[in-house]
Structures are given as C-alpha cells and as structure tokens.
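Engineer: what's the 3D shape of this:
(3 chains)
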Amino acid sequence: MAINMPGAGPDAAEAHPGKTGAPEPEKAGSGGKRLSPVKLYTRRFARNKAALGGLVLFALLVFFAVFGRFLTHWNYTEADFTALTVSPGVSGHLLGTNGAGNDVYAQLVHGLGRSMIIAVTVSLLTTAIAGLFGTTAAYFGGKVERAMLGFVHFLLILPSFLIIALVGTHYRGEWQVLVVVLTLFGWMLTARVIWSLATSLREREYVTAARFMGVSPMRTIVRHLLPNIGSLLIVTFTLGVASTVQAETALSFIGFGVKQPDVSLGSMLADGQSTLSTAPWLFYLPAALVVLLTVAMALIGDGLRDALDPTSQSGGRA
Amino acid sequence: MLRYIARKAVGWFLMIAVATNLTYFLANAFLKPASNYTALRPPRTPAQINHSLSLYNLNPNKPILDRWWHWISGIVTHFDWGRSPTGGSVNDQVAYRIFVSGQLVLGSTILAIVIGVGLGVYTASRQYKAADRVWQGLSVLSFNTPSAVASLAVVLAAIALNQALGNTLLPVAGAQSPDVSGFWPVFASRATHAILPTISLTFISYAGYHLLQRSLLLDNINSDYVRTARAKGLTRKQAIYRHGLRTSIIPVATQVAFAMPALFTGAVITETVFAWHGMGEYFTKTISTNDVHGVVAVAAFGALMTAIGAILADLVVVALDPRIRVS
Amino acid sequence: MIEQRAVMTKPATQQPLLCVRDLKVAFPSESGRVDAVRGVSFDLHRGKTLGIVGESGSGKSVTSMAVMGLLPDYAAVTGSVTLGGENLLDLDDRRMSKVRGRRIGMIFQDPLSSLTPIFSIGSQIVEALQIHQDISSAAAWKRAVELLDLVGIPNPDRRAKGFPHEFSGGMRQRAVIAMAIANDPDLIIADEPTTALDVTVQAQILDVLRTAQRETGAAVIMITHDLGVVAGSADDVMVMYAGRAVERAGVDELFSRPRMPYTIGLMGAIPRLDDRDREALTPVQGTPPLLVDLPDACPFAARCPAVQDACREAEPDLLAIAGGGDVGGSEHSAACRRAAEIDDAAIGGEPIYPVPAERENRAAAVPREDRPKVLELSDVTKTFPLTKGGLLKRQVGTVFAVNGIDLDIREGETLGLVGESGCGKTTTLLEIMGLTPPERGAISVCGKDTAGLKREQDISAVRRDIQMVFQDPMGSLDPRMTVFDILAEPLRAVGERDRKTLSDKIADLMELVGLDPEHRDRFPAAFSGGQRQRIGIARALATKPRLLVLDEPVSALDVSVQAGVINLLNDLKAELGLSYLFVAHDLSVVCHISDRVAVMYLGRIVEIGDTDSVFDNPRHPYTKALLSAIPLPDPVAERTRERVLLKGDLPSPTDDRPGCRFVSRCPLHLTLSEPQQQKCRGVTPQLTGREDQDHLDACHFADLTASADN
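Structural biologist: Numbers count the residues shown, from 1 in each chain, chains lettered A, B, ... in the order given. Below is the predicted model:
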C-alpha cells in the first residue's frame, strides 16, 4: 500500500473494513496467532477447491508421463503393421493404433511428456528473462527504461509466430529448437506486465532507502525488487506453462512444431484431424490430455494468485 | 489530436518498415523457393528452375541485396508485393483473403465481446455465488482449450448431428458451396458455412473478455467512489452499473480496439480446420510452399494491423476517459 | 468509593434522532473472527455533534459504516440502529438506499478517490438530487451550482462542469460535502473528513462543515483521531478503544476531567502548541490488542499503568460517574473500575503517567556559533518541467519546486522544516540525499561540497554521515527481509562483511532504539507501527551518521505510539550528539522536537528562526495563519481564539517572476495601501532579520502587524 499518498493516514486501514481482517500480526511474539507466510499461503490455496483439483490433476499427469510407459511393451516409434488404425483394446493395443500402426497409448505417454518438457522449460526461461528485464527497466527508469521498452515494443511487432514457424520448419522440428524460439519470442508481454508492476515497487521507500544507503543497482534489483514480485513470477510461470502448451499445440498442429518420429500432443491432434469420423479416438485422446493439462495449470495459477494476493478476500467466516 | 495521431503513426510506420525488411531477409534465408520445382515431372534442370525463379525475383544465385532492391522498389513505386514461386500475384491473394477472413472473424468477435462483457458484468455482481462459479469454470475451460481442439470438437459434433439428421445441415468445410449462384443462394450458403467456424472461434475467445471484465469490475466494486455512490442513495446494483461499470469498461474497450484489426489477419487454426482460404490459411500455405514474398506480405499486414489496433486503443481511451485529453 | 450507576437509566427529555444500541460488527479473517465493534450504544439529538475519537482499529469507522449500511455482506452486524423509529439494520439494500443520501449524508476520508473520475462534479451532485427528489435536470443542475456555491467553490457555474481530477483535494472534499447535504439530511456522518488534507485546508473544511450543519440543522457524527478537531467541533465525545466506547462525556467535561486512563494517556501523548514547556511526552506503552478471541478483561489492561488484578478478570462496562458534570446534557461515563478514583490525571495525587526524564543535551552547552555546520544549503533550486496533456506530453512551463533555499544545521541541533504538501520540503530532502550538485546553488554535508564528490569512495564516505528515516514505517522496510538483513544493509553497503561484527553491531543498534535483539530474525510484519519506525531509525543509525534526515517520521503512527518515537529521537540526539533535519506538516510535533524552525511556502523559506521565537512571535502572515489553523485539544481555547482563515489552495509554483508568492492568499496584503500592495507584487521579499539576527522572515510588511494581533 502506498502510504505516501494523502489518503493513508493512521486510519487508512479502517476505510476498508474488509481488509482489516487481513492477518497482519500486530504484536511481536504475543501468543501463537502469527502465521508464517508459507503456512498462510498454503492454507489459502488449500481452501480453493478448484486450485487443489488442478494440482492433483497436474500431479496425475506428471505421474502418467513419467511412469505410463511401463504399462505397455510398445515403443512410441514402433509401427505394428499387422494392426493399422485399430480401435482401443484390439490386438493388444490399449488405446488402439494410428494409421501408421503406432501404439496410441505409447504415443500419448511420450507426447504428453514432450509437451510438458517444452512448456515447463519455455515458461521457466521466459519468466526468468521477463523478470530480470522488467525489474531492471523499472529500477533505472528514464532513458534506460525507454530504450528497453522500445526494444520490447519492436519485438512485439515482429511477426513472432511466423518467425518461429520459419525457424522451426528449417530445423525439422527439433524440440530443443522449438524451446529456443518460443523463449526468444515469448517473454516480451510478460516483461511488460512485470515492468509495470515493478514501477510501483520502484517508488517504494525501501528502494529509495537502499539508494540513499549507497546499495548498488544490481544488488537492489536482486535483493529488493525481484523478491517482492516473487509471487507474481510464480503465477506468471504457471500460467506461462498453460499458454506455451497452447502455442506448441498450435504450431505442431499446422505442421511447424514437433515432427515425426517425435510426437507431441499437438502433432497427434494433427494426425487425428484427418480421421475424425473413422478413428475419432486419435483425436479425442490427445485432445482430452491437452485440455486437462492447460486447465490444470490455469487453475493452479489462479489459485496461487488468490493465495498470494495480500488483499484477497477469500477469508474464513464471521 | 491529429498531430498526436500523426506522430504515433510515423513511429509505427518506421517499426513496421524495419520489421518487414527483417522478415524479408529471414524468409530468404530459411525458405527455398526452388524446392517447389524439384518435384515436378518432367524434372527441370537447375538452369530452368533458376530462370523461372528469376522471373519472380526469387533466383537464389542473384545477390540478396539486388533482389531486395528490386522487391522494395516494386512496393514503393507500384505497391506491388511480388510474386509467389509459381507466379501468382501476392497482392491478389491478400486482397481476396482479407475479405474472406474478415467475413469469418467479424461475427465471432462481435459475439465474443457481447457474450464476454455481458457475462463479466453478470458474474461480477454475483461474486462467489453458484452462477459465478459455474460460468467462471466454463470460461477457464474454454480459455484454455487449444483452438485446434475446439475446432475439431465442433466438427465432430456437427458430423454427428448431420449423420443423425441424415443430410448435411451444417457444412464442415469451405466458405461456400461451389455449385450455387445468385445473390440469395450464395448468401445463404455462405451463412451456413460460417456457423460452425463462428461457434468455435467464439467459444475460444469470449472467455478472455469475460474474465477481464469480471476482474476489472470487481476491482471497482470495492472502490471508494462506488461507496460514495451508495452513500448518495443508490442501491448496490445501481452503484455498480452506473459508476463501477462505466469506469471498468474503459480497459475492455481498449482491448476490443486492439483486437478488431487482428480480425483481418485471420484465425490460422480455424481456417485450416474448416478449409477457409483466408489470411490465416495463407500464412501456413506461404511457409509450406516457400513463398518468400507471400510470407513477407503476411508479416507486414500483421504488423500494420497491430499498429492500427494500438492507435485505435489510444483513441478509445481518449474518447471514454475525461482524465486523458490531448489538447 | 463513589457510587456508579448504569448509563441507560437517564430519562430521555427528548426523543433522540439516532439511537444505537449494543451494535456489534464482526469480520471473518485468517486468524479467526475479528470483533471490530463490540457493543456500542449512544444517542444523538438533532443539531448536536458527537465526536468519536479513537486510534486505527478502534472500530470508529466500522461503527459509522454499520449505521450507513455500507459494510460488506460478509460482515456480521447485530444490535440496533434506530433512526426516527426505524431500525436501519432490518432494512435491505433497496430500502436502505432510500435512507442513505436522503436522511443520512456521509463524507469520507479520502476526497481523491471518493468521486467517480469519469463524471463531472455537477452531474454527480445532480445524481444525488435526482435519486431522492422528483426534480427536472435543469432545476437539479441549478441546485447543484447553488450547493457548490454554499460549500465555497469559486465560479460554481463553470466548476460544476469540471471533472474530479481538475479539483484539488480540498475542493473535492467540498464537493463531497455538497453531495452529502444535497437532500437536507437529518444526520451527517463525517469519517475523518480532514485527515488527508493540509492544516489550512482542514480549517476551511471544518468551517464548511459548520456551515452545512447550520444550513441543514442536521446532527453530525464526527469521526477522527485528532483530539484537536474534536475539541473544536463536538458537543459530546465518545472515546473508542478495541471496538468499544471506553469513555463518553460532554466535550468540556472530557477534556478538563478525563477519567479513563486511555483517554488520559492519549492527551498526554500529543505534543501541544499551547503547552510547549513540557520536557517530554508521556507515551502509552504497548499496542492495541488484536480483536480476535479477546478475553473477558479490560482490553487496555496490558497497557494501563493503573492496572489492578481485578481489571484482568472482567471487562468493565461503560458506567456513569456520579458527580461527573451534566454540562451540555450528557453524563460522563467511563469503562474503568478505577474511574471514580481518578482525578486530574492522577490517582491519589500520583500522576498515572509519570513524565519520563529527559537526557541532558551535551552539545547545547556550546554556543551555536561555535559548533560546526553539518549541513549547509545556499540558494538551492530544483525545477521540474510542467507538462500538459494525457497522451501527448508537452512542456508548458517550469515548476520551481525549490526556489533558492538557504539554511544551515549545526552539530547537535534540530531544524524543523514545516510547510503544507506541495511546498517543496520533500523535494529539498531528496536534493540533499541525492548527494549530487543541485541545479543552482550548493549543498555541503559535514563541510564537503556535493559538487566536489566525483568518485564512488567520496560519495560513500559522505553517505556514512547522512542517513534518512522515512515517513511510512511499513513502506520503508522491505517486507521480505528479516530485521537482521534490513539493519545489515547499510553496513554492507559501506563494506562491512564480517558476520560476527555485523551481528554485534546489530544487537547494539536494536538495544539502542529499545528493541529486543532476540527478534532479529523476524520480518517487519511481525512488529507494530511504532516498532517498525524504531527499526527504521536503527537502520539510519547503523553507519554512525552525524546528521539524520527525518521525513515525517511520526505522521503515519497513532498518537499513543507517536510520543514514544518522539521521545526516542530526543534521547538519541542527547546521547549521540546527532543533528536532525526534521520535516513535518504537523507544527505541534515540530515545535516539540526542534531547536530551530524553517517555514516553507511554494519552494521558498518564508520564516526561519529559533523555535520559541517563531512560535511565540510569528512574523510572516503565512506562519501566523498556519499556527492559527492548528486545532488545539482544548475546547475552551478553541472556542475563544481568533482564527486567520486562508482563502483558497496552495497555487502551483510555476513561475519565477518577482514578487511575494503568498500574495494570492495573504490576509495582510488585503489591508495594505495600493503602493504597498504593488511592492508585494513586484519585489521578491528576502529573508531579513529584524531586532534579532537569528529570526528571519520574508515579508515586506511583517512589522505592521508584529505586535498587533499577539
């Protein structure tokens, strides 16, 4: 809260009776009323049923991606020429095969893992770049800020999806290349969001205090700015995973992402498209997984945002 | 005001110019127009291929800077964006496809805004009640459904419906039936063809407006001035509608202004699934056919639409918010 | 023992307008149910003003919001609020909306956010009128303009079309008052109506409120933390603590004979302009309790110096005190077991709050001229470009935020820098702390000119000598760092790395400011406001500076803890021989802590001198107005003293033309002859000493009134 503003005299908190209930322990060490932040966040998160559901779902998906392959003897690259496009449960194929005779179950396990690895790596990298870039621009302000923002605006106007597609096609769908290009063109919007939040942090007195104490800019950014937008970064990361899964799916679907023999959920969807009426399981199995994955991440992200928000009203009952 | 727009426009124009030229060089580096000829029967000699490509300013043996000069002077002097590797005019393609895309995306965008904003207001005034939670859940689901999944699910449902009815009520591919003529039959055919893609596009895009409007309105519901409005004697609902909504609609309107021009850049996935030859489909087609000039035109068009969106968004804010006035 | 009887038994001579009985409000929270209001009862008669005083969290605002029916749905409200025979708590939102605005008008604390930014001021008042009255738009607009005129907005015709952002804070608060009285309400609730405003504007707004009350004949509930405001405006006063009324009496009775130790503590803790001989303030120890799972005991027991075992066994009721005068029609009642024993802030002749001893200031023994200068500013100027337009910014002028300031601070001395918001005092501080050469003029810290500081080491060396304490004790401490890391930061910045040395130094610092070194691993959120400010002071002291720059260090604190911090600052100065540059808008605080005072107006110093000299014998008309605008916590003095009310708001310092900048608001200027007025407008007055060289003022005609109105 910006106490520097005239509205915030000694009684500012009273103007928002809903927020006086926020757990701001007043007395040092008096009684056991003080909750540690982590405990508080956990409690708030756990109260959010949807977020908890998302977390469980995500855990199950990870478990499936890691250990699912032990349930079948088929490898996702192997083709069973004796069983092309068979329905689930036929000829020992748990979830059937596709037109080339690949075991759908094995492909799903691998594709889910591939989509997850790409999404998590990209989101981790973009969040890190965006966090550093945004806070640095905000801390320095003035000309440095304008130059850095100008750079971001320029990158935003570049046809990033097109460039990703160009580069992706050129390197024949290597997933590592996909990670690099998705990262390079994926951090700008987040950086802008973080920048705009960090500009309000820049005005905080503890940042001014650090400057007047002679603390170096880099140290101030790392010690003060980054930790104080930490919760935002966590949320950004989670939602970033969801959006990267979507981007990767879209790219692979139109043929510019992961390519044979590697599979991802997006490339499986593209396969399923052509046999929609004859072999619908080739579509709805990967479709279900990809929706479960993105929705799980979105629910976790929303739950975290609520739990970490100091003005959250998801309190108990009177 | 005009001066402001002019200054902004010049800035955007420069950025578009740089971005477009950058794309030109990238596209030339990554795309190989010659490969369009290698599969042809009877096989062509490299010399023949290069001769054909030279006609279209795509000969890889010619220095890139010479090709660039030829290309850029074509644009500056005749606004000619070049030819595809097989000789088709990029200008013709883009002109036609913008129309197709606009037709497809316009309806769904209007629907998405109306549904999304309406739901946002409806659910925000019922925060944490059952209706709010149900719509919230649905919107989170739709917001996170990849468009490929949404489109294909709609196709699947339509096929099932058509099979159940025994005739093709809802066509699942193309912008119109090839065998109709006359104004009204064509109009009817186009309208029925547009139903499914419109549904799938609306489904994936309304949720953004819903969630945005809801959270903005919730921010405002607890603001001091809504409290003042209630203290004057407005009921909670009246205060929210008259004071909270009017203020919170500004960022949403900005968002809409941003989104409007993007209509014409098309919806890549939806156009691919429903076989509409719009800008979105052009995007995939130009890359897979190594159409350097087409790719660059798509990039330039996209950047232009972004710029128009940004300027429109500024204008909307000026129009709606008395705090911001350009003298 | 004097007999006590219940407050309810007093026979009502007249039907009260508002009757609140056993009002309770609870909110849900993470740590349990928060009982914000725990059984408040009061009556209010037509035309009377009830002052509700309390610190943050005492439940005074929540009480008013409950009366208005503006609490969120999740609040649990019980009891009864009867207005004209109708229990308001039984009404649903739709029926309550017929009462709000029509029968009860409300004025909120923060005028900056309480008006809808996208509607014009006039249309917002028209809306208030048309909700309750069947009136044509043209007639409503005419009435709105009249209302704006009534609350003292100049050019109401034109201003009604303006938007809130074009109005200053004071003007917006006037508009809110116009809205509150638009439908001629029976009751006006003013929730901290002047807290966000400057003193001179506060005086204007209190005046407007009086006008509004006179025009409407309404009863007023005045909620505030400022005892001075209450003394000047209330008939009855209710003191709230921990969600309950702990004392209630007529205003004269309460101020002259407070009975509840908390009230007595509050009065002892505020620095007062009219009582400058007190050496030290008497702070109330500790902090208010959390309103969660309160035991059945006096909530003040933990902080009360007169506590007895019985106080911890049951919570005392608010009971009438026999013999507590019936002046003004209301009884004196207090929620204290020992109320009857207490007389003149003492029990059995012993003061409840003993005045702490003040330490001898060693530096003061040496004459001022012989002490070295720790800070010297000469002709310091700072300008900002003035831009216009929301999107397309263009420079339309220059703001002279600081315009040629000269001042010096000697070792062991406190200079108080006072002025209203926007006068340039914060800019002056930032100029000093930036340690870079100013646009014009020179700054030298401990004898080193900032223009000569080129290398990092030089700057770092000076930084050790000058440190800053900030206004907001929460905002100035990084919430994600422990106290240890916060205090280590300045030491690390000057190159101290050794963990053991750091640890020892930090333990010493915490002890010095009265904190337990055991708490070094806690986060700032675990401390109360006063303790956080102590951490801030400890951090500033870490590098053993010679000069502390304090930016409103106590203005964000509650009165009862403010006194402790002020005393600490005084002790530290005596013990460490520090010098302070103390910036504040509250003249009472400044007069208590400073040796010398400088008064700023629009980027210039208009008067500077020894504290006693300036406060006893102010020369500049602005200083006089400022002093007279401060409400005194003494109802008798408030009623009798003469006020100098300034017109209008602080103008923007956008030009550097010659002439006195105070001309537009100066009451003295109006009484001058034409040639004298021309001199005011044409010649910039310089700081000049008159009979003594240490008291300077910048007014051409200060002599004319120097003796007249003192």
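Engineer: confidence score at residue C:6?
Structural biologist: As predicted, residue C:6 sits at a pLDDT of 41.
Engineer: swap that for residue C:556, sorry
Structural biologist: 82.
Engineer: for the stretch 101-250 of chain B, what lies in contact range of chain A?
Structural biologist: B:137, B:140-141, B:143-149, B:152-153, B:155-156, B:159, B:222, B:224 (Cβ under 8 Å from any Cβ of the partner chain). Backbone N, C-alpha and C define where each C-beta goes, glycine included.
Engineer: quick one, phi psi at residue C:91?
Structural biologist: phi -80, psi 140 (degrees, to the nearest 10).
Engineer: neighbours around the residue of the stretch 51-200 of chain B at minimum distance from chain A, how many?
Structural biologist: Residue of the stretch 51-200 of chain B nearest chain A, by Cβ to the nearest Cβ: residue B:144 (3.8 Å). The burial count assigned to residue B:144 is 25, neighbours taken as other Cβ atoms under 10 Å in any protein chain shown.
Engineer: that one and residue A:292 touch, don't they?
Structural biologist: No. At 9.6 Å, residue B:144 and residue A:292 do not qualify as touching, with contact defined as Cβ atoms under 8 Å.
Engineer: helices or strands next to the longest helix seen in chain B in the packing?
Structural biologist: In terms of residue count, the longest helix belonging to chain B (DSSP state H) is helix B:183-221. The elements that helix B:183-221 packs onto, with contact taken as 3 or more Cβ pairs under 8 Å, 6 or more residues apart in numbering or on different chains; DSSP states H and E, are helix B:90-124, helix B:130-143, helix B:147-165, helix B:246-262, helix B:268-273.
Engineer: for residue C:343, give its distance to residue C:619.
Structural biologist: 42 Å (Cβ to Cβ, to the nearest Å).
Engineer: who has more neighbours out of these two?
Structural biologist: In this view residue C:343 and residue C:619 are compared by other Cβ under 10 Å, and residue C:619 has more residues nearby, 24 against 12.
Engineer: so where's the chain uncertain?
Structural biologist: You didn't pick a chain, so chain A it is. Across chain A, residues meeting the criterion (pLDDT under 70) sit at A:1-37, A:173, A:309-318.
Engineer: if you could check chain C rather than the one you did, that'd help
Structural biologist: C:1-13, C:277-279, C:323-330, C:358-364, C:388-394, C:655, C:692, C:705-710.
Engineer: so residue C:502 is in contact with residue C:491, correct?
Structural biologist: Yes. Look at residue C:502 against residue C:491 with Cβ under 8 Å: they come within range, at 5.9 Å.
Engineer: helices of the stretch 1-150 of chain A, start to end?
Structural biologist: A:17-20, A:37-47, A:49-67, A:104-140, A:142-157 (DSSP state H, counting those that start in this stretch).
Engineer: could you dump the ones you listed into TSV with mean neighbour count and distance to residue A:243 added?
Structural biologist: Shown next, in TSV, are those (neighbours: other Cβ atoms under 10 Å in any protein chain shown; distance: least, Cβ to Cβ, whole Å):
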stretch	mean neighbour count	distance to residue A:243
helix A:17-20	20	31
helix A:37-47	15	21
helix A:49-67	16	15
helix A:104-140	23	8
helix A:142-157	14	15
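Engineer: helices or strands up against the helix or strand encompassing residue C:122?
Structural biologist: Taking DSSP states H and E as the definition, residue C:122 sits inside helix C:121-132. For helix C:121-132, the packing partners by 3+ Cβ pairs under 8 Å, 6+ apart come out as helix B:224-232, helix C:137-150, helix C:169-180.
Engineer: can you tell which of those is closest to residue A:266?
Structural biologist: Nearest to residue A:266 among these is helix B:224-232 (44.6 Å), distances taken as Cβ to Cβ.
Engineer: C-terminal to that closest one, what's the next element?
Structural biologist: Helix B:224-232 is succeeded, C-terminally, by helix B:236-239 (DSSP H and E).
Engineer: ok, and what's touching that following helix?
Structural biologist: Contacts with helix B:236-239, where a contact means Cβ atoms under 8 Å, 6 or more residues apart in numbering or on different chains, come from B:125, B:226, B:229-230, C:93, C:97.
Engineer: which of those residues are buried?
Structural biologist: B:125, B:226, B:229-230, C:93, C:97 (16 or more other Cβ atoms under 10 Å in any protein chain shown).
Engineer: picking up where we left off before, what separates the helix holding residue C:122 from the chain centre, distance-wise?
Structural biologist: Relative to its chain's centre, helix C:121-132 lies at 31 Å (Cα atoms, centre = their mean, to the nearest Å).
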